[in-house]
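**Student:** Provided below are the primary sequence and the corresponding predicted coordinates.
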Amino acid sequence: MSSANKTFTKTLRMERELVNEFSSVKQFLNGDAPKDNNVLRDVVVNKAIQNAFSDGPLKALADMCDDSRLNGSSISVNISAENWQSLVFLLNDIDRKLDEGDLIQFCLKCYIKEIKVKRCLP
């Protein structure tokens, strides 16, 4: 962690196509963008994470991790064995394999998709 800028420098392993899109994100923009690609990449990765937590998929995940269910009510539901098995396998995979880099990659995928559609930084 850099103390002057209060930033973390991370080296991430990502899918090749995403790395290419992220490295040349300026090609998708019609409007103003920082001239320095490193600055633009920093802006994009941070906006991607902010968007994912503010109204994106990570907000839903973060909301599931709060304590609101403890004060809720119980309800019985019937879930097919196939759906239950899919959920259990996913949770097991998340527990064993998912890390910060995976979440950042997920945020970037979603955000770059938005950039391509809107042709600007959302």
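**Tutor:** Thanks, I have it. All values reported here derive from a predicted model rather than from experimental measurement.

**Student:** When you work out contacts or count neighbours from here on, use the C-alpha atoms and nothing else.
**Tutor:** Fine.

**Student:** Now do the strands for the protein: every range, in order, please.
**Tutor:** In the chain, no strands are defined using DSSP state E.

**Student:** what's the weakest-modelled helix or strand in it?
**Tutor:** One helix or strand of the chain scores below all others by mean pLDDT, DSSP states H and E: helix 57-64, with a mean of 81.

**Student:** For that one, report the contacting residues that lie outside it.
**Tutor:** A52, F53 (C-alpha atoms under 8 Å, 6 or more residues apart in numbering).

**Student:** buried sites along it?
**Tutor:** For helix 57-64, a neighbour-count test (16 or more other C-alpha atoms under 10 Å) marks L58 as buried.

**Student:** same thing with stretch 9-19?
**Tutor:** Buried-residue list, stretch 9-19, by 16+ other C-alpha under 10 Å: L18, V19.

**Student:** Export only the CA atoms of that stretch, formatted as CSV.
**Tutor:** Extracted in CSV, the C-alpha atoms of stretch 9-19 (Å, rounded to 0.1, in the frame of the first residue of the first chain):
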residue,chain,number,x,y,z
THR,A,9,-0.9,-1.8,-6.1
LYS,A,10,-2.0,-5.2,-7.1
THR,A,11,-0.8,-7.5,-9.9
LEU,A,12,-3.8,-9.4,-11.2
ARG,A,13,-4.0,-12.4,-13.5
MET,A,14,-7.0,-11.8,-15.9
GLU,A,15,-8.5,-13.3,-19.0
ARG,A,16,-6.5,-12.2,-22.1
GLU,A,17,-9.4,-10.6,-23.9
LEU,A,18,-10.3,-8.5,-20.8
VAL,A,19,-6.7,-7.4,-20.4
